[in-house]
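> Got a predicted model here, sequence first, then my questions.
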Amino acid sequence: MIAALPPPVLEVYYSPTCAPCRLELPVLADFAKADGSRVRIVILDQEARARGELRAVSPALEKAAVMRHGEKPRAVLLAAGDTDGILPFARSLIPKDKVCGRWRGGLTPAKARELVQACARIISPGRR
């Protein structure tokens, strides 16, 4: 019997000053509930405001949030693979932070699933 791998992580970068990012929050909350995927939200600035906005949509989103203290938002985005260093940006990861897919733009339920499915293709390349 093969041990089950943990689900991929959908990592979304967030700033409360990014209007498209705020619009994605309900999509993220629904995605995390429906698909059982893990979601991590990387807060880039204004942590207290960001956590309040996340909590207002779903307490689970606030619990899934981490803050990158002492780093400039653009530098964090560039290091994560966002070639332009601007929001919105998301990526999917498997263990050891191997990147499966990246997305710049508004996150839809279909795009969130596509990012996570990219990880499934890496974990089990023979399956479709």
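Sure, I can see it. Numbering: from 1, shown residues only.

> Which strands or helices does the single longest helix found in the chain pack on?
In terms of residue count, the longest helix belonging to the chain (DSSP state H) is helix 19-35. If you count contacts as 3 or more Cβ pairs under 8 Å, 6 or more residues apart in numbering; DSSP states H and E, helix 19-35 packs onto strand 9-14, strand 38-43, helix 47-57, helix 59-63, helix 109-123. Quick note: C-beta positions are derived from backbone N, CA and C, even for glycine.

> buried residues in the longest one?
By neighbour count with 16 or more other Cβ atoms under 10 Å, helix 109-123 contains the buried residues 111, 112, 115, 116, 118, 119, 120.

> tell me which element the closest residue to residue 102 other than its chain neighbours is part of?
Sequence neighbours aside, residue 91 is the residue nearest to residue 102 in space, at 4.6 Å (criterion: Cβ to Cβ, 6 or more residues apart in numbering). In this structure, residue 91 sits in strand 89-94 according to DSSP states H and E.

> Report the distance from that strand to the chain centre.
Per Cα atoms, centre = their mean, to the nearest Å, the displacement of strand 89-94 from the mean C-alpha position of its chain is 6 Å.

> Quick check: which helices or strands does it pack against?
Short answer (3+ Cβ pairs under 8 Å, 6+ apart): strand 89-94 packs on strand 9-14, helix 73-80, strand 98-104, helix 109-123.

> Mean confidence (pLDDT) on the second one, please.
The one in question is helix 73-80. The average pLDDT for helix 73-80 rounds to 96.

> For that helix, buried residues please.
73, 76, 77, 80.

> Comparing the helices and strands packed on strand 89-94 by mean pLDDT, which bottoms out?
Lowest mean pLDDT of the helices and strands packed on strand 89-94: helix 109-123, a mean of 88.

> the inter-axis angle of it versus helix 19-35?
Counting by axes from the mean of the first three to the mean of the last three Cα atoms, to 10 degrees, helix 109-123 lies at 60 degrees to helix 19-35.

> I'd like the distance from helix 109-123 to the chain centre, please.
12 Å.
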